[in-house]
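A.B. asks: Here is a sequence with its predicted model. Questions after.
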Protein chains: 2
Amino acid sequence: MIDVCLLGSGGSMPNSKRFLSAVLLKTAGKMCLIDCGEGTQVSMKLLGWGFKKIDVICLTHFHGDHIYGLFGLLSTIGNSGRNDSITILGPKGLGKIALCIEALIPNLPFEIIYYENPHTYNFHNLEIQTINLHHSAPCLGYAFYLARQRIFDVNKALLLDIPKYYWNILQKGKEVVYNNQKYTKEMVLGHKRRGIKISIITDTRPTEDIPNFIKGSDLFICEGMYGENEDNEKAQHTKHMTFQEAAMLAKTGEVAEMVLTHFSPSLIEPENSLHNAKAVFENSFLSYDRMIIKLKFK
Amino acid sequence: MIDVCLLGSGGSMPNSKRFLSAVLLKTAGKMCLIDCGEGTQVSMKLLGWGFKKIDVICLTHFHGDHIYGLFGLLSTIGNSGRNDSITILGPKGLGKIALCIEALIPNLPFEIIYYENPHTYNFHNLEIQTINLHHSAPCLGYAFYLARQRIFDVNKALLLDIPKYYWNILQKGKEVVYNNQKYTKEMVLGHKRRGIKISIITDTRPTEDIPNFIKGSDLFICEGMYGENEDNEKAQHTKHMTFQEAAMLAKTGEVAEMVLTHFSPSLIEPENSLHNAKAVFENSFLSYDRMIIKLKFK
C-alpha cells in the first residue's frame, strides 16, 4: 500500500492560508517527495512523518512555487542524521539547480544524485515514469506504479510437490536447487495482480498525451489553478488549467479518482467551483493542506 | 521616525510556531529588510506593509535560516510591479548568492546591485554601518542611523531679517540669492539634534568591538539563541549567545533598550529565561513575530 499526503494546496505564492502544492508518497517506510515550494518543510513538520526517509525528490519544473523550499528541506534532512544519498529527478535545466544546491548548502552530509529529464526511474518497488507537459517552462508529469506480487497458487505448489519450506523463497522470485531438482517461482505463482498507480500532473495545459499517461490511475493528482470555466482564457495565457479541463483529463484517462490542487491565490473558496469538475467527472475532490489518502491493493 | 517590525523570532529552522528572524525598517515610506529566511514573505504578507517599497536588503550571513526566503521574496517583489533596482548588502561571499539569484529567478523586472562587505552605505536619510562578527561563517552586524534636521532658529532668522518665504527652503539646506543678497542654511539653523540609532547583531559570539558599534542605540536587536546561563558552552560551540551575554553587550553599549530574537527551536518558552537578561540589563525585551516598535525623534 501507499500513503499519499498532499502537503499543500496552493499555487504561485506561499501565504498563511495554504502551503504550496507538494506531495509526499510513503511506501514500506520509504518516502518520495514531489515538488518543494517555500515552506514545504514546515508542512512536513506538522505532518510528522519525519525527514530522514526521503530517498527521492521529483521536481516537476523550476518555478519558485515548486522548488524554493528545496534548500531548506535538504538542510533539515542533513540535520536529521541522514548519510544515504538522495536522488533528485527533474526536467531539462536540473544542472543549474544542482549548482545552487552546492552553493547554498556547502556541507550536506549526504550525496545527491541528479537525473535530468529521465524517462523512467525505479525506486524500491516503485516504478516512476515521466511525461513532458506543456507549461511556460520545461515541465514533467509523473506516474508512480507500485507492483503487487503475483498470487501464490497453493494448488499448483502442492501438485508439483514443492517442499513447503521453499514456498516463501520461491514466491519472492528466487530459485532453489534441492536433491538435484531445480525449483522456480513459476512453480508456485499464479496470475498477475494489479498494483497501485498514482499520477501527478502540474503545471500544464491539457495535452493529447496526458490521458494515456494517467490511464487507470487509482489516484490522479492534478493542478486546478482556476475554478470557473470562464477562467479558460486566463488558463491558456498562464499555461494552467481550469477545474473543468482537469476533469476532462480524468474522464478520458479513466482514473478512479481525481484530487485537484495548486489553487490560485485568487481562488479563495475552491469548494464553490468543485461542481465544474464534478459535472464532467464525478469522482473529483479538492485537496487541503496535509490531506492524507491511503491506497491499498484491491 | 522609523517603524521597526520583527517579522520572525526564530533561529535555525522554520517551524509553524515562529517565523525566522528578519527585521523590516520603514522610514518615509521606504523600506529596508535585514535577513530573509524561508517564509519571510509570508510573515510580510501578514504584516501588510507591502513588498514594493523595499529598496535595500541587508544580509548578515549566508546560513539558510537567514537567506532561503530571498528567492521567493524577490519573485514576489517582481510580481508587485516594481521596476526600480534593489540593493543587496552582505558579507564576503555575496557573489555566490548573486549567481543563485540569477539562476533561480531568471526574469526579474528590476536590477539588483550587490555590495559585498561594505563598510558604510547610505540609503535615503539612513546611514548604514557594518561590523564584522564572530560566527561560524563570515557575518556582519548592522547599525542604522537616521539623522534629524537641525532645529530651526526663529530668533536668528528674524534677527538676520531673512524673508519668510525662504525659511523652509533654507531649512532644507538650500541656498537662495535674493536682491543680490545670499542666504544660507546657517542663517536659520540652530543646534544639532540627535537622530535615531538602531543596531542589529546576529549571529555571533560576543566580541570586544560590539559595544562601541552599538553605542547609544535607541533600539538594539540582538540574537538570543539560548535562554539559560548554563547554555554558555553550547553557545560557544555553535558561535551564538545566551540571553545573559546579549544583555552584557547591551549594558556595555549603553543602549536604550534591547530586544532579543533568533531563539533556538529548543527554547520553547523564552519568557521563562528573560530574567537572565534583565538581571544584567533591565530594559531587555523578547521579540515575537511581527512585533512593531515605533521610534520617534526625542
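C.D. replies: Yep, that arrived.

A.B. asks: Quick check: phi and psi on A:Y142?
C.D. replies: phi -130, psi 140 (degrees, to the nearest 10).

A.B. asks: meant to ask about A:L59, not that
C.D. replies: phi -100, psi 130.

A.B. asks: Can you give me the pLDDT of it?
C.D. replies: For A:L59, the model assigns a pLDDT of 98.

A.B. asks: Show me which residues of the stretch 1-150 of chain A are close to chain B?
C.D. replies: Selection of the stretch 1-150 of chain A residues close to chain B by Cβ under 8 Å from any Cβ of the partner chain yields A:13-16, A:38-39, A:41-42, A:45-46, A:62, A:64, A:67-69, A:71-72, A:75-76, A:79, A:96-97, A:99-100, A:103-105. The way it works is simple: take the backbone N, C-alpha and C, and place the C-beta from them, glycine included.

A.B. asks: Just the ones in strands from these, please.
C.D. replies: Taking DSSP state E, every one of the residues of the stretch 1-150 of chain A next to chain B sits outside strands.

A.B. asks: what about burial for these, which qualify?
C.D. replies: For the residues of the stretch 1-150 of chain A next to chain B, a neighbour count by 16 or more other Cβ atoms under 10 Å in any protein chain shown gives the buried set as A:13-14, A:38-39, A:41-42, A:45, A:62, A:64, A:67-69, A:71-72, A:75-76, A:97, A:100, A:103-105.

A.B. asks: Just the ones in helices from those, please.
C.D. replies: Judged by DSSP state H, helices contain the following of these: A:41-42, A:45, A:64, A:67, A:71-72, A:75-76, A:97, A:100, A:103-104.

A.B. asks: Please tabulate the residues you listed in JSON lines and include pLDDT and distance to B:T27 as additional columns.
C.D. replies: What follows is those, written out as JSON lines (pLDDT from 0 to 100; distance: Cβ to Cβ, whole Å):
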{"residue": "A:Q41", "pLDDT": "97", "distance to B:T27": "34"}
{"residue": "A:V42", "pLDDT": "96", "distance to B:T27": "31"}
{"residue": "A:K45", "pLDDT": "96", "distance to B:T27": "36"}
{"residue": "A:G64", "pLDDT": "96", "distance to B:T27": "29"}
{"residue": "A:I67", "pLDDT": "98", "distance to B:T27": "34"}
{"residue": "A:F71", "pLDDT": "98", "distance to B:T27": "31"}
{"residue": "A:G72", "pLDDT": "97", "distance to B:T27": "31"}
{"residue": "A:S75", "pLDDT": "97", "distance to B:T27": "34"}
{"residue": "A:T76", "pLDDT": "96", "distance to B:T27": "36"}
{"residue": "A:I97", "pLDDT": "97", "distance to B:T27": "38"}
{"residue": "A:C100", "pLDDT": "97", "distance to B:T27": "33"}
{"residue": "A:A103", "pLDDT": "96", "distance to B:T27": "33"}
{"residue": "A:L104", "pLDDT": "97", "distance to B:T27": "31"}
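
A.B. asks: and the residue of the stretch 151-298 of chain A nearest chain B?
C.D. replies: Of all residues in the stretch 151-298 of chain A, A:P265 sits closest to chain B, at 9.8 Å by Cβ to the nearest Cβ.

A.B. asks: Double-check A:K30 against A:F123; I have them as touching.
C.D. replies: Yes. If you go by Cβ atoms under 8 Å, A:K30 and A:F123 touch, sitting 7.5 Å apart.

A.B. asks: any shared contact partners between the two?
C.D. replies: Counting by Cβ atoms under 8 Å, 6 or more residues apart in numbering or on different chains, the shared contacts of A:K30 and A:F123 are A:D55.

A.B. asks: Can stretch A:282-293 be said to contact chain B?
C.D. replies: No. Stretch A:282-293 does not reach chain B (Cβ under 8 Å from any Cβ); its nearest approach is 11.0 Å.

A.B. asks: for that stretch, what is the average pLDDT?
C.D. replies: Here the average pLDDT along stretch A:282-293 is 98.

A.B. asks: Could you pull out the buried residues of it?
C.D. replies: So, applying 16+ other Cβ under 10 Å, buried residues of stretch A:282-293: A:S284, A:F285, A:L286, A:S287, A:D289, A:R290, A:M291, A:I293.

A.B. asks: What about the residues you listed, which are in strands?
C.D. replies: Going by DSSP E, the strands hold A:S284, A:F285, A:L286, A:M291, A:I293 from these.

A.B. asks: Specify which member of these is nearest to A:Y165.
C.D. replies: Set against A:Y165, the nearest of those by Cβ to Cβ is A:I293 (39.0 Å).

A.B. asks: that older thread, where does the residue of the stretch 151-298 of chain A closest to chain B land in three-state SS?
C.D. replies: Secondary structure for A:P265, judged by DSSP: H, G, I helix; E, B strand; the rest coil, is coil.

A.B. asks: is it true that it touches A:S12?
C.D. replies: Yes. Contact criterion Cβ under 8 Å: A:P265 and A:S12 qualify, at 5.5 Å.

A.B. asks: Three-state assignment for the nearest residue to A:N229 once chain neighbours are set aside, please.
C.D. replies: Setting aside the residues directly before and after it, A:N229 is nearest to A:Q244 in space (Cβ to Cβ, 6 or more residues apart in numbering or on different chains), at 5.0 Å. The three-state label given to A:Q244 by three-state DSSP is helix.

A.B. asks: Report the contact partners of A:Q244.
C.D. replies: A:Q244 neighbours (Cβ under 8 Å, 6+ apart): A:N229, A:N232, A:N276, A:A277, A:A279, A:V280.

A.B. asks: Now the first one, what are its backbone angles?
C.D. replies: Dihedral angles of A:N229 (phi, psi; degrees, to the nearest 10) stand at phi -60, psi -30.

A.B. asks: One more: the third one?
C.D. replies: The phi/psi pair for A:N276 (degrees, to the nearest 10) reads phi -70, psi -30.

A.B. asks: pretty sure it contacts A:E245?
C.D. replies: No. A:N276 lies out of contact with A:E245 (Cβ under 8 Å); the separation is 9.6 Å.

A.B. asks: and those two? which has more neighbours close in?
C.D. replies: Using other Cβ atoms under 10 Å in any protein chain shown as the criterion, A:N276 and A:E245 rank with A:E245 on top: 26 against 22.

A.B. asks: wait, isn't that one in contact with A:D231?
C.D. replies: No. In this structure, A:E245 is not within contact of A:D231 by Cβ under 8 Å, at 9.8 Å.

A.B. asks: residue of the stretch 101-250 of chain A with the smallest distance to chain B?
C.D. replies: A:A103 (4.5 Å).

A.B. asks: nearest residue to that residue other than its sequence neighbours?
C.D. replies: B:K96 (4.5 Å).

A.B. asks: What is the nearest of the ones in strands among the buried residues of stretch A:282-293 to B:G90?
C.D. replies: Among those, and counting by Cβ to Cβ, the member closest to B:G90 is A:M291, at 39.4 Å.

A.B. asks: Number of residues surrounding the closest residue to that closest one other than its chain neighbours?
C.D. replies: Counting by Cβ to Cβ, 6+ apart, A:M291 lies nearest to A:L6, which is 4.5 Å off, once chain neighbours are set aside. Neighbours of A:L6 under the rule other Cβ under 10 Å: 24.

A.B. asks: Kindly report the same for A:T87.
C.D. replies: A:T87 has 19 neighbours, counted by other Cβ under 10 Å.

A.B. asks: could you say what helices and strands the host helix or strand of it packs with?
C.D. replies: Under the criterion of DSSP states H and E, A:T87 resides in strand A:86-90. Secondary-structure packing of strand A:86-90 (3 or more Cβ pairs under 8 Å, 6 or more residues apart in numbering or on different chains; DSSP states H and E): strand A:54-58, helix A:94-104, strand A:112-116, strand A:120-123.
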